[in-house]
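1. Predicted model follows, preceded by the sequence.
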Amino acid sequence: MDKKYQIFVSSTFSDLIEERQEVMQALLELDCIPVGMELFPAADDDQWTLIKGLIDDCDYYVLIQAGRYGSIGPEGRSYTQMEYEYALEKNIPIISFLHSDVSKIEKGKSEDVAESIEKLNAFRNLVQKKMCRFWASPAELGSQVSRSLVKLIKSKPQTGWIRANLASSDEANAEIARLRKEADELKAKLEKARTTAPEGSAGLQQGNDVFVLNYSYYYGGENESSVELTWNECFYLLAPLMLDESSESNLRKELDEYLKLQTEERPRILNVNSVDFQTLKVQFVALGLIAKSEKKRSIKDSGTYWSLTPYGETKMMQLRALKR
């Protein structure tokens with residue numbers, strides 16, 4: 001999201017009108033918001049409070065210094081120096097632009113009082129302890145500001161400003177964070193459901209444990225028999241039918257057809273024992289392999305339908321997927 005940075009421009013005023021115009025133009029071309037208080041008469045404590053508030057709201061601080069020290073505040077320092085030192089105190093990124101040769105500044109734009117010259121030199125020495133650039137003409141100053149500020153923004157990124165209609169509110173951010181956390185938790189639960197058997201199922205018959213399945217068939221009369229199958233074999237047989245979903249009657253039919261092939265007489269009519277079929281179904285539910293389908297149906301459809309659970313799908317793939 002595009003940001004605009006607010007820049008506090010600090011300098012004396014009447015001697016740097018042209019230079020300030022170059023700096024303001026450079027800042028505007030960088031889509032920055034220039035702010036400066038030298039246009040206002042800083043003559044009382046209330047005005048200084050306003051200046052400090054504006055500096056607090058800025059992302060960066062730019063100082064332009066030439067041949068004048070500036071109007072003096074109540075503590076004997078110029079307001080320009082007070083602004084600079086306040087920005088230092090608040091750890092606001094600062095870049096200063098000093099005239100390269102004060103002796104060449106035309107008369108009327110430089111100090112001629114010894115005390116003011118001394119204070120200007122002391123301030124200049126203070127500024128040169130931090131990042132600064134030098135300039136000799138308004139055009140050079142504007143160019144220096146553009147290049148230097150781009151580098152400063154890149155090396156010391158700040159909060160900046162964005163349009164209110166583009167900014168996410170604190171409430172929206174909090175809701176997004178909550179929903180993301182909830183989604184992550186659900187994802188973790190789903191992954192666990194795919195790979196982990198239900199709690200307490202370890203004590204149940206499963207896997208290669210043997211289950212005796214009884215059935216009756218008609219071949220020259222009614223006969224009864226049984227077959228021993230492991231739970232894995234039972235699930236191997238029925239699981240693919242429930243990959244989407246399957247009615248209970250189709251599951252019984254599949255089991256009946258399988259048992260016909262296991263019977264030597266190959267009877268045309270065979271019925272799996274109803275109690276054993278129910279036990280088989282209950283065991284699959286208890287092992288977390290199948291669950292009742294939740295698809296909506298017509299009122300006339302009163303059948304029971306079953307589908308694989310995520311864990312059941314994983315188990316089916318382990319049993320039926322062909323290995324290389």
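-> Received, thanks. None of the values given here were measured: they were computed from a predicted structure.

2. any low-confidence regions in this protein?
-> Across the chain, the stretches falling below the confidence threshold (pLDDT under 70) are 1, 37-45, 164-172, 193.

3. Could you break it into its assigned domains?
-> Here the domain parsing of the chain from automatic domain parsing is 6-155, 168-197, 201-320.

4. what about residue 295, neighbour count?
-> Residues contacting residue 295 under the criterion other CB atoms under 10 Å number 9. Where C-beta positions appear, they are placed from N, C-alpha and C, glycine not excepted.

5. Equivalent analysis for the one 10 residues further on, please.
-> Here the number of neighbours of residue 305 (other CB under 10 Å) works out to 19.

6. Who is it paired with across the strands?
-> Applying DSSP bridges to residue 305 yields these beta-bridge partners: residue 247.

7. I figured it hits residue 296, correct?
-> No - between residue 305 and residue 296 no contact is recorded; they are 11.1 Å apart, counting by CB atoms under 8 Å.

8. hang on, the earlier thing: export the domains of the chain as JSON lines, with columns for distance to residue 162.
-> Output for the domains of the chain, formatted as JSON lines (distance: least, CB to CB, whole Å):
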{"stretch": "domain 6-155", "distance to residue 162": "12"}
{"stretch": "domain 168-197", "distance to residue 162": "10"}
{"stretch": "domain 201-320", "distance to residue 162": "42"}
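
9. Let me know the distance separating residue 124 from residue 99.
-> 9 Å (CB to CB, to the nearest Å).

10. who touches both of these two?
-> Here residue 124 and residue 99 have residue 65 as joint contacts, going by CB atoms under 8 Å, 6 or more residues apart in numbering.

11. Counting neighbours, go ahead and name the busier of the two.
-> When neighbours are counted by other CB under 10 Å, residue 99 comes out ahead of the other of residue 124 and residue 99, with 22 against 16.

12. and the gap between the more buried one and residue 120?
-> Taking CB to CB as the measure, residue 99 falls 11 Å from residue 120.

13. quick one: common contacting residues for those two?
-> residue 67.

14. mind listing what's buried in the helix or strand containing residue 249?
-> Using DSSP states H and E, residue 249 sits within helix 248-262. Of the residues in helix 248-262, those buried by neighbour count under the rule 16 or more other CB atoms under 10 Å are 250-252, 254-256, 258-260.

15. Can I get the residues you listed in a markdown table including distance to residue 27?
-> What follows is those, written out as a markdown table (distance: CB to CB, whole Å):
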| residue | distance to residue 27 |
| --- | --- |
| 250 | 76 |
| 251 | 76 |
| 252 | 81 |
| 254 | 78 |
| 255 | 81 |
| 256 | 85 |
| 258 | 82 |
| 259 | 87 |
| 260 | 88 |
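
16. And the helices in the stretch 1-150 of the chain?
-> 17-29, 45-57, 79-89, 114-127, 138-155 (DSSP state H, counting those that start in this stretch).

17. thinking again about what came up before, show me which of the buried residues of helix 248-262 is closest to residue 314.
-> Taking CB to CB as the measure, residue 314 lies nearest residue 251 of the buried residues of helix 248-262, at 20.0 Å.

18. What residues does the closest one make contact with?
-> With CB under 8 Å, 6+ apart as the criterion, the residues that contact residue 251 are 238, 241-242, 277, 281, 306.

19. mind running it again at 6 Å?
-> The contact partners of residue 251, taken as CB atoms under 6 Å, 6 or more residues apart in numbering, are residue 238.

20. so how far is residue 262 from it?
-> In this structure, residue 251 lies at 17 Å from residue 262, with CB to CB as the measure.

21. One more: residue 78?
-> Distance of residue 78 to residue 262, given as CB to CB: 104 Å.

22. Would you map the strands across this protein?
-> Assigned by DSSP state E, the chain shows strands spanning 6-10, 33-35, 60-65, 94-99, 132-135, 210-218, 222-230, 246-247, 269-272, 290-292, 305-308.

23. Work out the sheet partners of the first one and label each with its direction, please.
-> By that I understand strand 6-10. Applying DSSP bridges, strand 6-10 is found paired with strand 33-35 (parallel), strand 60-65 (parallel).
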